[in-house]
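Student: Quick one, structure for this:
(chains A, B, C, D and E, ligands or ions: 4)
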Amino acid sequence: QAASINYWHTFTSQSEFAGLEEVMKLFAAAHPDIKVTQENIPNPEFMAKITSAVVANSRPNVTMVSSERFADLLAMGALTDMTERIASWDRRADFDDKRFDSITKDGKVYGVPGFTFVDWMYYRKDWFDEAGLAPPTTLEELRQAAIKLTDPSKGRFGLGMRGGPGGQNYIINVMAAFGSPVVDATGTIGLNRDKAIEAIDWFSGLLTRDGAVPPSAANDGFRQVIEGFQTGQTAMIWHHTGSYQDVASALKPGVEFATLAMPAGPAARIARLAYAYNTITSDQNADASWEWVKFWGEPDAAVAFLEKTGYFPASSVAAKDERISGNPMYKAAAETLEFGIPQPSFPGYAGWTESVVLPAFQRTLIGQATPEQAVDEMIDGLASATA
Amino acid sequence: MATLSINGVRKSYGSLEVLSNIDLELEDGGFLVLLGPSGCGKSTLLSIIAGLEPSSGGDIFIGERKMNDVHPKDRNIAMVFQSYALYPTMPVRRNIGFGLEMRKVPQGERDAAVQKAAELLQIEHLLDRKPGQLSGGQRQRVAMGRAIVRDPDLFLFDEPLSNLDAKLRVEMRTEIKRLHDRLGTSVVYVTHDQVEAMTLGTKVAVMRNGIIQQLADPQTIYEKPANMFVAGFIGSPTMNFLSGRLEEQDGALALRYGDSVLALPDTEASARPFIGREVVAGIRPETFSTHSDGPSLTGTVDVVEPTGPDTMVVLNVAGQMITARLGSRDRPVLGAPMTLAVDTSALNLFDPESGNRI
Amino acid sequence: MATLSINGVRKSYGSLEVLSNIDLELEDGGFLVLLGPSGCGKSTLLSIIAGLEPSSGGDIFIGERKMNDVHPKDRNIAMVFQSYALYPTMPVRRNIGFGLEMRKVPQGERDAAVQKAAELLQIEHLLDRKPGQLSGGQRQRVAMGRAIVRDPDLFLFDEPLSNLDAKLRVEMRTEIKRLHDRLGTSVVYVTHDQVEAMTLGTKVAVMRNGIIQQLADPQTIYEKPANMFVAGFIGSPTMNFLSGRLEEQDGALALRYGDSVLALPDTEASARPFIGREVVAGIRPETFSTHSDGPSLTGTVDVVEPTGPDTMVVLNVAGQMITARLGSRDRPVLGAPMTLAVDTSALNLFDPESGNRI
Amino acid sequence: MTNGTSTAAFPGARSAFERLNPIRAIGELSESRYWMYLLLLPSALLITAVVLYPTLYGIQLSFREMRLNRPDLGTDWVFFKHYARMMSDPIFWVALRNTAVWVTSSIALEFLIGLVAALALNRDLPGTKLLAVLILLPYFLPNVVAGHMWALMLDPRLGVINDVLVRVGLLEGYKAWFADPNTAMAAAIVVEAWHSFPFFTLLILAGLKGIPADLYKAADIDGAGAFSQLRLITLPMLKTIIAAAVILRVIGLVNSPDLLLILTSGGPGRSTQVLSLYAFQTAYKDFNFGYAGALSVVMFILLMVFAWGYIRLSRFNQE
Amino acid sequence: MAVAQSRSKLIWNVLSYAVLIVLAFICIAPIVWTFLTSIKPETQIVTRDMVYIPTEVTIENYVKLWSQSSYPTLVMNSLVVTGLTVLICLITGTFASYAFSRFVFKGRTQLMLAYLVVRMFPAVLMIIPLFVLMRQIGLLDSTIGLAIDYTSFLLPLFVWMLKGFFDAAPKELESAARVDGSTRVGAMFRIVIPIARNGLVATCVFVAIAAWNEYLFALMLTTSQGSRTWPVGLQLMVGEFQLPWGMLAAGGMISILPVIILFAIVQRVMVAGITAGAVKG
Ligand SMILES: Nc1ncnc2c1ncn2[C@@H]1O[C@H](COP(=O)(O)OP(=O)(O)OP(=O)(O)O)[C@@H](O)[C@H]1O
Ligand SMILES: Nc1ncnc2c1ncn2[C@@H]1O[C@H](COP(=O)(O)OP(=O)(O)OP(=O)(O)O)[C@@H](O)[C@H]1O
Ligand SMILES: [Mg+2]
Ligand SMILES: [Mg+2]
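Tutor: Numbering: from 1, shown residues only, chains lettered A, B, ... in the order given. Ligands and ions are numbered 1, 2, ... in the order given. A predicted model of the protein is given here:
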């Protein structure tokens, strides 16, 4: 049956786009009767657009959903239950069960992972070697190294802290590492005030006390953090595998920089695995949609995509690809896959982190609030977000 | 060509009434001159006739047609605005031809008409300028040109010659007269120039504070003003008002002022009821002369003002100042007594209370 | 109070020369009237004096001070614009007081001055209106008020009374005269009204095409015009030009026109070189009379035009049209022959080639 | 506007041919007493069609519980709950204050620079036509591009402005303009002013061309100096244009978070958080449409009050 | 010989030049910087030592931009949307502002305020209902639909601005035209609009620029490549995990190009200027 489906996603860069086109080409060859029209939406506006579409009941057939958006979209009723389709899917076995954790709610599965972002850190191998420092394995070691490598007269700082847009995830991670996860093992939502204060105090202290972080931290987003590292102003940064190409384009892998799994905190070692899922968002042409969704799980497609983008495949089969396993830089990622956990996910979580956690933390950075005040603000905000 | 009748037209700006109950009648081909002090409502009346301002009441007919609800463009009127209202973006040629353009007159015909009007107004050499590059008088002539190229049912002219020099004004006056004679179009004409009023008008309306004081032919307005306002307003220098008591002397009327008496002609029968009461005699300055004999006034010369062709003399006649216009060859002596003959046949008597002519 | 001297001022708009080599001298406290046909450059000259337009050459002195590079606001001039140039956003009161406000005159004093000027101009009741709500004449008076509240070194008036009715104009003229007498400020005054020119001016300059034709006192301009242009321009109705041949008869001069001869007074010694040549005699219409005897012209009555106080008669004198202004009691008969006496002492002779007075 | 019946209703239609001519018909119509309403009709219809429903929708949202990611809460009417919450919401008050600062400073700066530029351009000096084009260029840049370019120029690492200031000796080292609460708002205002002052320049310039030269001549004679002429002639004559421009700019600034979104996202802390940004985040990050609706309604009311008062004060619509 | 200009005039002229040159520098410097950035290779943008004049010039950013995006389609769409927006504004808005300027009628101020009110409701919340609306009338994802949406907030701007310019044109001139046989519309088109020409052009320029640069609505209310506009395309080219300075700069340069061309045309009309005058009082 001839069908036409549309696909919303946030692929915008040249490489991502090339990857997508490759996948589409393969799909067209395999399913000549299904016509896929893709529509790219800038990541920052993605939720606004999909929300509007849901409210106006004008949804796309298939949507790319990243893990942190799952809970909100599910709550809005944007997603379709795909449990049965997935259960009977012949490639289900290619995927580790964990890959589906962050798209599953109450036993129902709503999507198929397309690829993965794995949290890790980059550090200046040359500087560490020069200073005779070992790569940090705990946050405290990281702090010491950062202080040591900081030399404002040379314009060098220990850690490129992301205190601007997108920084909320790292704040959450640090709090979790200090023993205050937002969602604990029992699934209860809430912060441990004391631990959280300790975490925030430590984290913001990197700037306010230790001066081991560029003073621009409160406004540094992804771009600034990466540029700081690329231009040799910072010794370490935290990010995920998605930025590897960028970093490697400016610094020599293995010589100037190396990658490392996230160091452990006093209470836990936290690194996130974020997935981009493909989900069916409309009842129309659901079967055709399903063909497209599962096509992303085909090793051919995943590898083709990887070749163009370097994004980590979600499929275990694909992850065994030689170009990944053969690259020492990806060792840290493989390591992280073992202990990495998905981000907390509940309705309102994303909004809370962005509009409460981040500004509150920024206020400690710029001296407008104490860690206690900041954490209280977060706790209040969390309460009203989940009320 | 059409008659114009205005019935009970009123106009108020907010609480300010600027026209009250105007009635006017102008015969087909007539030439009505509106005269009146500044701000009396002349321009407003023209605007209402043209349909540019809504009236607050009353009717306007042009020909047989009631115009109240007819749009300006359909009234077929040509108008010269007091403020010229030239279109600043268009060259003079187009300004003048605009009315024809609007009436779809073919280009060639239009150009010819514009050319002709421009020649008549002596502005041929200015046709390609913008209004901003003209002198005041030139602008005024362009405004004039815009009206006279047309062949409307009615011309409205609002002080169309005020900024022209005397010579040009006389020429233009003649041209307007000729135009009127030739086309026979009815005209309503506002002017402050009494010579214009007298020579052009077949009818003159004198207004004051939005009220028509007198509507008559120029001669009548001049010679038999309806009231002291009209009498004082028309004529330059203005009419002398000599107050006194009306008496009967030997069966004839006479005016007693101070210790003296001025004999009046018998014709003033309507004056009889006023015998024994205070009246005002209106005497035009030009009715005095040094030559004739007959009734006369005597006073001391107070001011002598030679103005080219004439000499103005102000006499103190029993405490009242009387101006006389004498020939330039009369040279009165300041401070000396002087006796001037009065043409009492041209004299008017007024009731000082109502101001109306007796 | 200051003298005004203008030396060789020129002005061109592109290739169009509108003022050429203007020289003028006005004594302290003098009153200079500029007369001239529409578009001759009067307003331009005022603008240059005020410093509003750059001249293309020449110097301007007010008092001892060379003004070429002085900013208008520092020239201490008050001016009435032909186009009024009222500030549309300000009420009349503020418009009038603006010049004082700018000169930091205290509020109380300013209000008093505005009030006084408004009374003088009869616009007290309009002080709180915006210019857009005024009639033409009212606007003009506001423009006037803006000038007269000030106490400048020099007044420039550009046709300040053109839109006022005759009566008001006379009153305003008197007020201006009084103002001038009181303050003694020099005035340059553009007008088309010759009575204004004659009564107000201590000096009159007649311009034509940007050139000054004659600069003299009013009497001289009227009685001894420098050339035919001035002669024809001044006076209404305009001067008659009777062409003929200058002859000597019995030792006295005479003008032969057609078959007739007009005896001239002997005084014209400067005319002797023209004996035997064609000349033009300029005869003012008001120098004719029916009464006197002496030299006279005879012709047939062609037009009779009564204009209130006077009667205009056009005679066909040997093929030349001659206008005479007669008293209103003379009633010539159309087509009948008529003989009019001429006051030849007021007659001027012109060289028809150069147009200059002989 | 079809002809037929409409022309017949008005006298002046003469022949059948004329009645069929639509241009003539419109001409006739234009003389009718209801012409102004006819003139307003198309725009009013269009605006009503496009805007009435969305606005009413937004207003009703503000009285409802509407959290898209919390379907469990339902979508009941909650009347003034959101408004009550707003009163005790510290972020709202901070954002309100920031909005006031952001709007007034930006407008003041834009207007001043715009006016000065327009006055200078209006002198029509030789060569200034080119300068005029250059001066108007910033306005042509999309917000996205302008914002990012300034972010680059003010960048604490790559910023050319920092580099220049350091070289000139005005700064010790590179400054993180947007990370310091003391400079973040100011820097954003500078960027905004740079981007939008040509709006005022162009409008004022167009307005200046319409002022009769005579008035300045009269003012010169009256002794008004340049500043007095500006204050007493130019500005009053441009009053309606300026008033309209200011109102429109205020509305634009209050309502659109574009530039701040790119430059600071409201940070650091909440030092550049403004109402529009807050509403946007509430709606599309927190999915709390009810509260966002209430915020919008409050902004709307504030703007209404402002516009109304402003029109009153500036006597915008008076003759 | 030209008489020396008065000194104060000279001072003002000098001052004007100074102001204009400084302003022009301030305006143009960031744009020049953008241009320089657009022709620098990445390594000279993201660097510790400021590179002012690129030692190595590349047009790679432009090539990427061109090849990656369907620039011609995007620009065409933008042109169509902008053109339609201006057209709708011109047709409906000119009449409306003329009515507001020329007629005094009951409720005029209120109505004018009502037109403004339209702009006052934050766009943030308008998007969803507009989305619904446009879908219902079948204009979602079409250039005409987008133009209509733009009109909703640009029309009030147009009307308000233009009213100011209409106000400045003397009413007497219309009276004259009407007596000359022009209808009210005729007088409006032949007399008032030519006088208010500068203002009309300026207003149109604003509407055009606003429409040209609009992003949020364009993103939300169009979906297919066939109707997307340039700003959306530009934003989309700039990936999230990329450092797109060069491309962004190139995009900026390309996006002002059509506007500059348009403005160069318009400028000629605008500076022609009008000689005001002919109006007494
Ligand atoms: N901007 C200009 N460009 C070209 N010519 C001009 C300009 N302004 C005035 N003129 C011409 O200069 C001449 C003198 O103008 P000016 O206004 O001084 O005349 P005027 O004597 O005041 O006339 P009027 O009595 O009609 O007011 C006129 O012929 C006029 O057409
Ligand atoms: N818009 C207005 N609002 C209030 N009053 C006005 C308005 N327009 C005119 N007037 C007043 O109406 C009266 C009549 O004005 P109009 O223009 O008809 O006078 P006019 O007879 O033409 O005077 P002038 O000879 O001075 O031109 C004047 O007193 C004027 O002040
Ligand atoms: Mg009038
Ligand atoms: Mg003049």
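
Student: Show me what the helix or strand residue A:119 falls within is packed up against.
Tutor: Take DSSP states H and E as the rule and residue A:119 turns out to sit in strand A:112-124. Counting contacts by 3 or more CB pairs under 8 Å, 6 or more residues apart in numbering or on different chains; DSSP states H and E, strand A:112-124 packs against strand A:234-240, strand A:257-260, strand A:273-280, helix A:299-309, strand A:312-313, helix A:331-339. Heads up, the C-betas are built off the backbone N, CA and C, glycines and all.

Student: which strands and helices sit next to the second one?
Tutor: In other words, strand A:257-260. strand A:112-124, helix A:125-131, helix A:331-339.

Student: got CSV for these, with distance to residue C:98 too?
Tutor: Shown next, in CSV, are the helices and strands packed on strand A:257-260 (distance: least, CB to CB, whole Å):
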stretch, distance to residue C:98
strand A:112-124, 72
helix A:125-131, 74
helix A:331-339, 80
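
Student: Let me see the ranges of the strands in the stretch 201-350 of chain B.
Tutor: B:203-208, B:211-216, B:240-249, B:252-257, B:260-263, B:278-283, B:288-289, B:296-307, B:310-317, B:320-327, B:337-342, B:348-350 (DSSP state E, counting those that start in this stretch).

Student: Walk me through which strands the first one pairs with, and which way each runs.
Tutor: Okay, so that is strand B:203-208. strand B:31-35 (parallel), strand B:211-216 (antiparallel) (DSSP bridges).

Student: cool, and the longest one?
Tutor: If you go by DSSP bridges, strand B:296-307 pairs up with strand B:310-317 (antiparallel), strand B:337-342 (antiparallel).

Student: picking that back up, winner for burial among the strands paired with strand B:203-208?
Tutor: strand B:31-35 (a mean of 25; mean count of other CB atoms under 10 Å in any protein chain shown).

Student: That one - what's its average pLDDT?
Tutor: Average pLDDT, strand B:31-35: 94.

Student: same question, stretch E:129-137
Tutor: Mean predicted confidence for stretch E:129-137 is 80.

Student: cool, stretch D:298-309 as well?
Tutor: pLDDT averaged over stretch D:298-309 gives 87.

Student: about what we covered before: residue B:353 is nearest to which of the helices and strands packed on strand A:257-260?
Tutor: For the helices and strands packed on strand A:257-260, proximity to residue B:353 was assessed by CB to CB; strand A:112-124 is nearest, at 107.1 Å.

Student: Let me know the angle separating that closest one from helix A:331-339.
Tutor: 130 degrees (axes from the mean of the first three to the mean of the last three CA atoms, to 10 degrees).

Student: Partner strands of strand A:112-124, with direction?
Tutor: Checking strand A:112-124 against DSSP bridges gives partners strand A:234-240 (antiparallel), strand A:257-260 (antiparallel), strand A:273-280 (antiparallel), strand A:312-313 (antiparallel).

Student: mind listing the helices for the stretch 51-200 of chain E?
Tutor: For the stretch 51-200 of chain E, the helices defined by DSSP state H, counting those that start in this stretch occupy E:60-68, E:71-88, E:94-102, E:108-120, E:123-136, E:143-167, E:171-179, E:184-187, E:193-195, E:197-213.

Student: Switch the ones you listed over to a markdown table; also include distance to residue A:145 and mean neighbour count.
Tutor: As requested, the helices of the stretch 51-200 of chain E are arranged in a markdown table below (distance: least, CB to CB, whole Å; neighbours: other CB atoms under 10 Å in any protein chain shown):
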| stretch | distance to residue A:145 | mean neighbour count |
| --- | --- | --- |
| helix E:60-68 | 37 | 17 |
| helix E:71-88 | 47 | 20 |
| helix E:94-102 | 67 | 25 |
| helix E:108-120 | 54 | 19 |
| helix E:123-136 | 44 | 23 |
| helix E:143-167 | 53 | 26 |
| helix E:171-179 | 79 | 25 |
| helix E:184-187 | 79 | 23 |
| helix E:193-195 | 72 | 19 |
| helix E:197-213 | 46 | 24 |
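
Student: need the strands paired with strand B:203-208 in JSON lines with distance to residue D:106, can you?
Tutor: Output for the strands paired with strand B:203-208, formatted as JSON lines (distance: least, CB to CB, whole Å):
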{"stretch": "strand B:31-35", "distance to residue D:106": "57"}
{"stretch": "strand B:211-216", "distance to residue D:106": "59"}
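
Student: So for the residue in the stretch 101-250 of chain A that chain D sits nearest to, what pLDDT did the model give?
Tutor: Per CB to the nearest CB, residue A:216 is where the stretch 101-250 of chain A lies closest to chain D, at 3.1 Å. Looking at residue A:216, its pLDDT reads 86.

Student: That one touches residue A:224, doesn't it?
Tutor: Yes. Here residue A:216 reaches residue A:224: they are 6.6 Å apart, a contact under CB atoms under 8 Å.

Student: all helices for chain B, in order.
Tutor: Along chain B, counting by DSSP state H, helices occupy B:42-50, B:92-102, B:107-120, B:136-148, B:166-183, B:194-200, B:218-223, B:228-233.

Student: ok, now the stretch 1-150 of chain D?
Tutor: D:4-8, D:16-20, D:22-29, D:35-47, D:53-61, D:81-87, D:90-121, D:128-140, D:143-153.

Student: most packed of the ones you listed?
Tutor: helix D:143-153 comes out most buried of the helices of the stretch 1-150 of chain D by mean count of other CB under 10 Å, with a mean of 24.

Student: Can you name every helix or strand that that one contacts?
Tutor: Under the contact rule (3+ CB pairs under 8 Å, 6+ apart), helix D:143-153 is packed against helix D:160-168, helix D:181-208, helix D:258-263, helix E:7-38, helix E:230-237, helix E:245-271.

Student: Near chain C, which residues of the stretch 101-250 of chain D? Just list them.
Tutor: D:212, D:214-215, D:217-225, D:228, D:232-233, D:236-237, D:239 (CB under 8 Å from any CB of the partner chain).

Student: Which members of these occur in helices, if any?
Tutor: Per DSSP H, the subset of those in helices is D:214-215, D:217-221, D:228, D:236-237, D:239.
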